[in-house]
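K.L.:
Structure, please.
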Amino acid sequence: MTRFLYNLLFPLALVVVLPGYLGRMFRRGGFRGDFGQRFARYAPGLRERFRHGEWIWVHAVSVGELLIALKLLEELHRRNPSWQFVVSSTTSTAHALAVGRQQDWWVPVYTPVDFAPVVRCALDLVRPRAVILTESEMWPNFVWQAADRGLPVMLVNARVSPRSARRYRRFARLLRPLTRRLAAVGLQEAAHAGLWEHLGVGPERRHVTGSVKYDPAAARGEARDFRPLLGHLGFRPGDPVLLAGSTHEGEEEILADALLALRARFPAARLVIAPRHVERTNHILARLAPTGLRAARRTAEPDGTAPDVLLLDTTGELRDWYACADVVFIGKSLAGRGGQNPVEAILAGRPVLFGPSMENFASLRDALLDNGGAREVRDAGSLAEAAAILLASPDQREAMTRAAAAALRAHQGATARTADLVEQFVP
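P.N.:
Next up is the predicted model:
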């Protein structure tokens, strides 16, 4: 009955949400490339590749999930060089990042719209032998139709925030026909086992692997050094740098106020902002103009004067930019909701500040705050004060980064454990 109702109502829901979805795509740009893949329309060359490979389909909705998937794929490829992967993502930002990073052993595609005929066509063309879903992405028709074909469908790095846990429990009766088709679920924490049992996932299908996202032992690849670029833009070697990663609407103005306050003690301090959505760059520049701070794009040609605020209008580089910071602020935690991932900043050895809204990373947030691995700020003033204290004390910065690294050790080896789980189920 759940499946019948979903397939009855999905086309109607698609018609309702389509205008807003298309509007968002227009604003973000980059939607025209490979757009037909959303409806299982693949280029002839790609269809030919699908015919001659035995593929494992890996699904990741956005940039965060894609980076997790790529960590796991690197480990699986190291163990099984002959395996080939199709990596699907939903957002144009994630797809562009995937296209830029693709290898000869995996290909990026857009996620097919979860309409039964479209999903059926996509699976017919790709003919995968297993499906791997990341974090919380369970599109019903995709799961049902893959399971109907006898394919093992695994959910890895299963993410459960307090908000999503409440939603899952409320709609458990509707979710069970879906979760019962999962061959295995890799849990980030043992504490989540009760929820998945309530959703119908028995103990034989639950596996505590830890979080790939938090795994400090996962290969990070070769990092790019952006410090020469900062010098080219006019930053001096001793200038204190506050870097804000993955900021959301409203946070840039708070950060500008924090920089102005910080400069009372550190006049040479500068701010680097990496907005979560780079298509907001022009909007951010307009909002910063009344502050009197000079802002510049990362891609702009320097004019001989160092900017007070540097806006990173590129994607896929944030991990390497963290190494240029003295202090890092994690976005979507003051003006947004849920917070962004602090792990890359921690792995870069940088002290981390964030706002009170870090629900999406609640367990890690608590571990960091409990052992002094991060500090919580509530407004521009407390952000400036916390940054000033850290900038004035290299010893405090070092102690904070050591404590943060210790908080990640519980997840060390999560990538390898998740690869072990996948290997159990891939035929």
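
K.L.:
alpha carbons only for contacts and neighbour counts from here, please
P.N.:
Fine.

K.L.:
Can you name the element that comes right after the helix or strand bottoming out on mean pLDDT in the chain?
P.N.:
None of the helices or strands of the chain scores lower by mean pLDDT, DSSP states H and E than helix 2-28, at a mean of 75. Downstream of helix 2-28, the first helix or strand assigned by DSSP states H and E is helix 44-51.

K.L.:
ranges for the strands of the protein?
P.N.:
Listed in chain order, the strands found in the chain under DSSP state E are 55-59, 84-89, 106-110, 130-134, 153-158, 184-187, 206-208, 241-247, 270-275, 295-297, 309-311, 327-330, 352-354, 375-376.

K.L.:
Any chance of those in a markdown table with distance to residue 254 as columns?
P.N.:
Listed next are the strands of the chain as a markdown table, based on distance: least, Cα to Cα, whole Å:
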| stretch | distance to residue 254 |
| --- | --- |
| strand 55-59 | 35 |
| strand 84-89 | 32 |
| strand 106-110 | 35 |
| strand 130-134 | 33 |
| strand 153-158 | 33 |
| strand 184-187 | 36 |
| strand 206-208 | 39 |
| strand 241-247 | 11 |
| strand 270-275 | 12 |
| strand 295-297 | 15 |
| strand 309-311 | 13 |
| strand 327-330 | 11 |
| strand 352-354 | 13 |
| strand 375-376 | 15 |
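
K.L.:
want to throw these into TSV with mean neighbour count and mean pLDDT?
P.N.:
Compiled in TSV, the strands of the chain are given as follows (neighbours: other Cα atoms under 10 Å; pLDDT from 0 to 100):
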stretch	mean neighbour count	mean pLDDT
strand 55-59	24	98
strand 84-89	24	97
strand 106-110	22	97
strand 130-134	24	97
strand 153-158	27	96
strand 184-187	26	97
strand 206-208	20	97
strand 241-247	25	97
strand 270-275	25	98
strand 295-297	20	96
strand 309-311	23	97
strand 327-330	26	98
strand 352-354	24	98
strand 375-376	20	98
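
K.L.:
Can you list the buried residues in stretch 88-100?
P.N.:
Applying a neighbour-count criterion of 16 or more other Cα atoms under 10 Å, the buried positions in stretch 88-100 are 88-98.

K.L.:
Please apply the same query to stretch 375-384.
P.N.:
For stretch 375-384, by 16+ other Cα under 10 Å, it's 375-377, 379-381, 383-384.

K.L.:
and it, how far from the chain's centre?
P.N.:
Stretch 375-384 has its C-alpha centroid displaced from the chain centroid by 24 Å (Cα atoms, centre = their mean, to the nearest Å).

K.L.:
Repeat that for stretch 274-284.
P.N.:
17 Å.

K.L.:
Name the surrounding residues that touch that stretch.
P.N.:
The contact list for stretch 274-284 (Cα atoms under 8 Å, 6 or more residues apart in numbering) reads 27-29, 243-248, 252, 311-315, 318, 331.

K.L.:
again, only this time at 6 Å
P.N.:
Residues outside stretch 274-284 that contact it (Cα atoms under 6 Å, 6 or more residues apart in numbering) are 28, 245-247, 312-313.

K.L.:
Kindly report the same for stretch 211-227.
P.N.:
With Cα under 6 Å, 6+ apart, stretch 211-227 has contacts from 68, 157, 188, 320, 343, 411-412, 414-415.

K.L.:
And the residue nearest to residue 10 when sequence neighbours are not counted, what's its pLDDT?
P.N.:
Nearest residue to residue 10, sequence neighbours excluded (Cα to Cα, 6 or more residues apart in numbering): residue 115, at 7.2 Å. The score at residue 115 is 93. That number is its pLDDT.

K.L.:
quick one on the thing from earlier: of the contacts of stretch 211-227, closest to residue 399?
P.N.:
If you rank those by distance to residue 399 using Cα to Cα, residue 343 comes first, at 16.5 Å.

K.L.:
Can you check the pLDDT for the residue nearest to that closest one when sequence neighbours are not counted?
P.N.:
Leaving aside its chain neighbours, residue 343 sits nearest to residue 214 (6.0 Å; criterion: Cα to Cα, 6+ apart). We have a pLDDT of 89 for residue 214.

K.L.:
Tally up the residues packed near residue 214, please.
P.N.:
27 (other Cα atoms under 10 Å).

K.L.:
can you start the count at 59 instead of 1 from here on
P.N.:
Yep, numbering from 59; the last one is residue 272 now.

K.L.:
ok, residue 396 touching residue 419?
P.N.:
No - applying Cα atoms under 6 Å, one finds residue 396 not in contact with residue 419, separated by 7.5 Å.

K.L.:
shaky segments in the stretch 259-408 of the chain?
P.N.:
Scanning the stretch 259-408 of the chain for pLDDT under 70 picks out 276-279.

K.L.:
what's stretch 242-254 in contact with?
P.N.:
By Cα under 6 Å, 6+ apart, stretch 242-254 touches 212-216, 263-269.

K.L.:
export those residues to TSV and tack on distance to residue 59?
P.N.:
Formatted as TSV, these follow (distance: Cα to Cα, whole Å):
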residue	distance to residue 59
212	23
213	23
214	27
215	29
216	26
263	24
264	26
265	29
266	32
267	33
268	35
269	34
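
K.L.:
Would you check how far apart residue 95 and residue 180 are?
P.N.:
Residue 95 is 9 Å from residue 180, where distance means Cα to Cα, to the nearest Å.

K.L.:
Of those two, give the one with the bigger neighbour count.
P.N.:
More crowded of residue 95 and residue 180, by other Cα under 10 Å: residue 180, with 22 against 18.

K.L.:
For that one, give its distance to residue 169.
P.N.:
9 Å.

K.L.:
and the nearest residue to residue 240 once chain neighbours are set aside, bridged to which residues?
P.N.:
Among residues not flanking residue 240 along the chain, residue 211 sits closest, at 5.2 Å (Cα to Cα, 6+ apart). Going by DSSP bridges, residue 211 is paired in beta bridges with residue 189.

K.L.:
show me what contacts residue 211?
P.N.:
Residues near residue 211 by Cα under 6 Å, 6+ apart: 189-190, 240-241.

K.L.:
Kindly reformat those as CSV containing distance to residue 332.
P.N.:
Shown next, in CSV, are the contacts of residue 211 (distance: Cα to Cα, whole Å):
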residue, distance to residue 332
189, 33
190, 30
240, 37
241, 38
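
K.L.:
circling back: out of the contacts of stretch 269-285, grab the one that's most surrounded.
P.N.:
Busiest of the contacts of stretch 269-285 [other Cα under 10 Å] is residue 473, holding 30 neighbours.
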